[in-house]
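Peer 1: Mind looking at a prediction? Sequence and model below.
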Amino acid sequence: MHAMLLSLGLSEEEINNSLIGDSTKIKNAIHLNSYPACPDPNRVLGLVPHTDTGFVTIVYHNGVSGLQVLRRKDDIGPARWVTVPVVPDTFVVNIGDLMHVLSNGRFHNVVHRSTVSKTNQRLSAAYFFGPQGDVKVGPLSQLTGPKQGLPLYRPVTWLELQKLKSTLHDKALESLKIDGKIEEGCVRD
Ligand SMILES: O=C(O)CCC(=O)C(=O)O
Ligand SMILES: [Fe+2]
């Protein structure tokens, strides 16, 4: 997180004074995932497409391939799933929704999913890093202004965002947009 904020032009002092520099404002959670081998892996998913809600997620796994990220449409082709290569002794870092908000859209939250293997069980541990319950996260003041542009999102707590996602799904972030409109029919009871 520190390196990411540095890359956005914040100084060490600004980072230390932000919520990232205050351990009382931070909390963590871990998901332990187990994806058993499946004889017909093309007919199932281990984890459906989603974005993580926190700032960043650090994923460690047992070396069995399966994590895929959705690459957005570009000059090379339409949106497509890309399998994250398995590199021994490394972590995968996913950008979550709150980093997207904090960076005012400069770092994009990544849509990802988990597929399963025909022959091997896949195990992963996902470590989520985010703000404490009552801490609201909005675009950093250093990244908004007359030169950089207006804040795109209103401040939100981690819990509020999780609740929004349970009803609005992939439209939750859009609903936080300051001029945001939610597409009709996307709210499920
Ligand atoms: O199993 C993985 O590699 C990813 C897990 C994940 O995306 C999650 O727990 O949110
Ligand atoms: Fe995830």
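Peer 2: Yes, it's here. Ligands and ions are numbered 1, 2, ... in the order given.

Peer 1: C-alpha from now on. contacts and neighbour counts both.
Peer 2: Fine.

Peer 1: dump the residue contacts of the residue lying closest to Leu47 once chain neighbours are set aside.
Peer 2: With Cα to Cα, 6 or more residues apart in numbering as the criterion, Leu47 has its nearest non-adjacent residue at 4.8 Å, and that residue is Ser114. By Cα atoms under 8 Å, 6 or more residues apart in numbering, Ser114 lies in contact with Leu45, Gly46, Leu47, Val48, Pro49, Gly66, Leu67, Gln68.

Peer 1: make it 6 Å
Peer 2: Gly46, Leu47, Gly66, Leu67 (Cα atoms under 6 Å, 6 or more residues apart in numbering).

Peer 1: In terms of secondary structure, what does the helix or strand where Leu164 lies contact?
Peer 2: Using DSSP states H and E, the element containing Leu164 is helix 158-168. If contacts are counted by 3 or more Cα pairs under 6 Å, 6 or more residues apart in numbering; DSSP states H and E, helix 158-168 sits against no helix or strand.

Peer 1: Specify the next element, helix or strand, located C-terminal of it.
Peer 2: Counting by DSSP H and E, what follows helix 158-168 is helix 172-175.

Peer 1: How many neighbouring residues does the nearest residue to Thr24 once chain neighbours are set aside have?
Peer 2: Spatial nearest neighbour of Thr24, excluding adjacent residues (Cα to Cα, 6+ apart): Gln132 at 7.6 Å. For Gln132, the number of neighbouring residues by other Cα atoms under 10 Å comes to 17.

Peer 1: How about Leu32?
Peer 2: 12.

Peer 1: tell me what the helix or strand harbouring it is packed against?
Peer 2: Element membership for Leu32 (DSSP H and E) is strand 26-35. When contacts are defined as 3+ Cα pairs under 6 Å, 6+ apart, strand 26-35 packs onto strand 122-131.

Peer 1: What lies in contact with the strand it packs on?
Peer 2: The contact list for strand 122-131 (Cα under 6 Å, 6+ apart) reads 25-35, 54-62, 64.

Peer 1: Quick check on these: which are buried?
Peer 2: Lys25, Tyr35, Gly54, Phe55, Val56, Thr57, Val59, Tyr60, His61, Val64 (16 or more other Cα atoms under 10 Å).

Peer 1: Just the closest of the residues you listed to Met99, please.
Peer 2: Among the buried ones among the contacts of strand 122-131, Phe55 lies closest to Met99 (Cα to Cα), at 4.3 Å.

Peer 1: which parts of stretch 113-133 are buried?
Peer 2: Buried, per 16+ other Cα under 10 Å, within stretch 113-133: 113-117, 122-132.

Peer 1: May I ask which two of the residues you listed are separated the most?
Peer 2: Greatest spatial distance in the buried residues of stretch 113-133: Ser117 and Gln132, 36.0 Å, computed using Cα to Cα.
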